[in-house]
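Asks: show me the folded form of this:
(2 chains)
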Amino acid sequence: MRDYWSMLFVFVLATFIGLGVIRKVSRLLYTPLMSLTNAISAIAVVGSLVVVGADYPQTIRILGAVALFASMTNIVSGFLITDRMLKMFKKQ
Amino acid sequence: MIHAIGQLSAVVATALFIFALHWMSDPKTSRHGVFAGVAGMAIAVLATWIQPEIVHHAWILVAILAGFLVGVPLSRVPLTAVPQRTALSHAFGGLAAGLVGTAEYHLWLTEGPENFTTFRMAALVIEVILGFLTFTGSLMAAGKLQEVSWIPQRPVTYPGQNFVNLGVLAGAGVLGVMLVLNPMAPWGSAALLGIIGLALLFGVLLIIPIGGADMPTVISILNSYAGLSAVAMGFVLNSMLLVTAGALDGSSGLILSIIMCRAMNRSFTNVLFGAFGAVAKSKQIGEAKVWKQESPEGAAQLLEQARLVVIIPGYGMAVAQAQHKVRELYDQLTKRGVTVKFAIHPVAGRMPGHMNVLLAEADIPYTALAEMDEINPEMPQCDVALVIGANDVVNPAARTVKDSPIYGMPIIDADKARTVLAIKRSKNPGFAGIDNDLYVQDNTWMLFGDAKGVIGDLVKQFAGGGIH
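Replies: Take a look at the predicted model:
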């Protein structure tokens, strides 16, 4: 069992890193930023992957499968549309 | 060994995600960010998939395939529909968190009580509440943005609304505390169902009183919630990777919310609990002033004689899909030696950065786009300010009328330009229902009609020989 205090610690540090990095993001790119962070937070996929894939009761795995589908949709559409938008930003 | 690969991949993926966001600081490097994000995601997924406890591969393949089938079309929506798509993806993120939380609770019930530490159980309750309220809240927001017929567009308010909303949330909170204290109680599953129901209801109630002008803020807040629900999932599943990635998403949503709130001179609580539309039905005192209408020929002449033209786009440009016509106008004017700049208000449109993306889609170089703070000092030197479907963000009442709902909101100083041309779909007030004195100023000329049509007419004046 992992020490929860260290997880809280990581959470706080990651939030500060996030605030620092996001503050420098170009104002032109707020819309693609949102779809990019959305795709990244769909890392929840690793959680659902375990729930679907492990040897658990069927009802639980069904919940996991729906969650996996939802996260996967976010990953696919999030990265694709971010790239599609970023391609359009040209200097001249 | 295989477990160590899992841990290592989590560290690498976290680093890649931070790089991805770092590269978003400049449009030139931004596409590297996508590759870093994809790489991080692929590494994390594969490293999880090869873990020995994963035995049912067929189900995983089917779910991933389904994700692709829905995700690819969702990424090809027209750019005017990006706010809806974003809201929808927040909904999916919330749903995933809520479902995994529910699944984990039932798993722990069968697997044994040693999982039910107070900390983990509290994280689970927070995950479920945040996940499901983000789910329905974002669905409602997406519905409003898509203008689905059975979701009211205008803010819906009733007496005691905040009391009801907070009551529903408090109900979920009380059930949550009971469950954290007695996770193994026989009524545990029922209590969790109750929490889910109340969270779903709260998400709907939260969005009902919110109007379109507040959508940029609300989408940012829901973004933050979706990130935080992923963090809570990380605590539940003991996953540092989920905690860090969720924290990055959550802090991004937080910063965007703060920027949006500042750009409207409002607080979080005011956006969420102080319905904009309700106060906006202000009195119609004072003599009704009259508009002065201008013909396309006259407007084209004004534009042609200008040295500096500042175009101020708003939601009306998005609705009319006028960005490509705007590009043609931009070309015609720059060809004639007119300097054209675009003034972008942070809350113009329906989500942060909405206008920038639409103009970039129309191939307008991003060097021509200026922020509100950069452009305002230049406005007195501006010969023609061309307002395209923007309203509240150029309303001088924000500076002068103390009892106006938008008083104090920073605006683009279109009224300080030598001449103002304003394109407006109808003679009705804007979304917030507030009169705009800009339109009846001495130096303002109105062009009524759909933005695409009006700008098309202007372009014809330049191309067709009326002006040469």
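Asks: what is the neighbour count of the nearest residue to residue B:330 once chain neighbours are set aside?
Replies: Once flanking residues are discounted, residue B:330 sits nearest to residue B:340: 5.3 Å by CB to CB, 6 or more residues apart in numbering or on different chains. (Glycine included, C-beta is placed from N, CA and C.) As a burial measure, residue B:340 scores 21 neighbours (other CB atoms under 10 Å in any protein chain shown).
Asks: mind listing what residue B:340 touches?
Replies: B:309-311, B:330, B:333-334, B:368 (CB atoms under 8 Å, 6 or more residues apart in numbering or on different chains).
Asks: how about residue B:78?
Replies: residue B:321.
Asks: so where is the stretch 351-468 of chain B shaky, pLDDT-wise?
Replies: B:428-434, B:465-468 (pLDDT under 70).
Asks: interface residues of it facing chain A?
Replies: Contacts of the stretch 351-468 of chain B with chain A, taken as CB under 8 Å from any CB of the partner chain, map to B:351-354, B:356-357, B:360-361, B:363, B:365-367, B:369, B:371.
Asks: try it again at 6 Å.
Replies: B:352-354, B:356-357, B:360-361, B:365-367, B:371 (CB under 6 Å from any CB of the partner chain).
Asks: in strands, which of these appear?
Replies: Judged by DSSP state E, the subset of these located in strands is residue B:371.
Asks: what's the burial count for residue B:42?
Replies: 14.
Asks: sorry, slip of the keys, the one I care about is residue B:7.
Replies: That count, for residue B:7 with other CB under 10 Å as the rule, works out to 12.
Asks: same check on residue A:11?
Replies: 20.
Asks: what helix or strand is it located in?
Replies: Using DSSP states H and E, residue A:11 sits in helix A:4-23.
Asks: what does the average pLDDT come to for that helix?
Replies: Averaging pLDDT along helix A:4-23 gives 94.
Asks: give the buried residues for it.
Replies: A:7, A:10-11, A:14-15, A:17-19, A:21-22 (16 or more other CB atoms under 10 Å in any protein chain shown).
Asks: low-confidence ranges, chain B, go.
Replies: Those would be B:272-289, B:428-434, B:465-468, if you go by pLDDT under 70 across chain B.
Asks: so whatever residue of it ends up closest to chain A: helix, strand or coil?
Replies: Nearest to chain A, among the residues of chain B, is residue B:67, at 2.5 Å (CB to the nearest CB). Assigned by DSSP: H, G, I helix; E, B strand; the rest coil, the conformation of residue B:67 is helix.
Asks: near chain A, which residues of the stretch 151-300 of chain B are found?
Replies: B:223, B:227, B:230, B:233, B:237-238, B:240, B:243-249, B:251-252, B:255.
Asks: among those residues, which are in helices?
Replies: Of these, the ones assigned to helices by DSSP state H are B:223, B:227, B:230, B:233, B:237, B:240, B:243-249, B:251-252, B:255.
Asks: centroid-nearest residue for chain B?
Replies: residue B:351 (3.1 Å; CA atoms, centre = their mean).
Asks: who's in contact with the residue nearest to residue B:257 when sequence neighbours are not counted?
Replies: The shortest distance from residue B:257 to any non-neighbouring residue, by CB to CB, 6+ apart, is to residue B:220 (4.0 Å). Residue B:220 makes contacts with B:253, B:256-257, B:260, as judged by CB atoms under 6 Å, 6 or more residues apart in numbering or on different chains.
Asks: ditto for residue B:448
Replies: Residue B:448 sits in contact with residue B:424, where contact means CB under 6 Å, 6+ apart.
Asks: show me what it is bridged to.
Replies: Beta bridges link residue B:448 to residue B:424, judged by DSSP bridges.
Asks: in the helix or strand hosting residue B:71, what counts as buried?
Replies: Using DSSP H and E, residue B:71 maps to helix B:57-74. Of the residues in helix B:57-74, B:59-60, B:63-64, B:66-67, B:70-71, B:74 count as buried by neighbour count, 16+ other CB under 10 Å.
Asks: kindly reformat these as CSV containing distance to residue B:34.
Replies: Below are the buried residues of helix B:57-74 laid out as CSV (distance: CB to CB, whole Å):
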residue, distance to residue B:34
B:59, 29
B:60, 24
B:63, 23
B:64, 19
B:66, 23
B:67, 18
B:70, 20
B:71, 15
B:74, 16
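Asks: from the residues you listed, which is closest to residue B:10?
Replies: Residue B:10 lies nearest to residue B:60 out of the buried residues of helix B:57-74, by CB to CB, at 18.8 Å.
Asks: would you confirm that the closest one contacts residue A:53?
Replies: Yes. Under the criterion of CB atoms under 6 Å, residue B:60 makes contact with residue A:53 at 5.3 Å.
Asks: in the helix or strand residue B:37 falls within, which residues are buried?
Replies: Secondary structure from DSSP H and E places residue B:37 in helix B:30-49. For helix B:30-49, burial by neighbour count (16+ other CB under 10 Å) applies to B:30-34, B:36-41, B:43-45, B:47-49.
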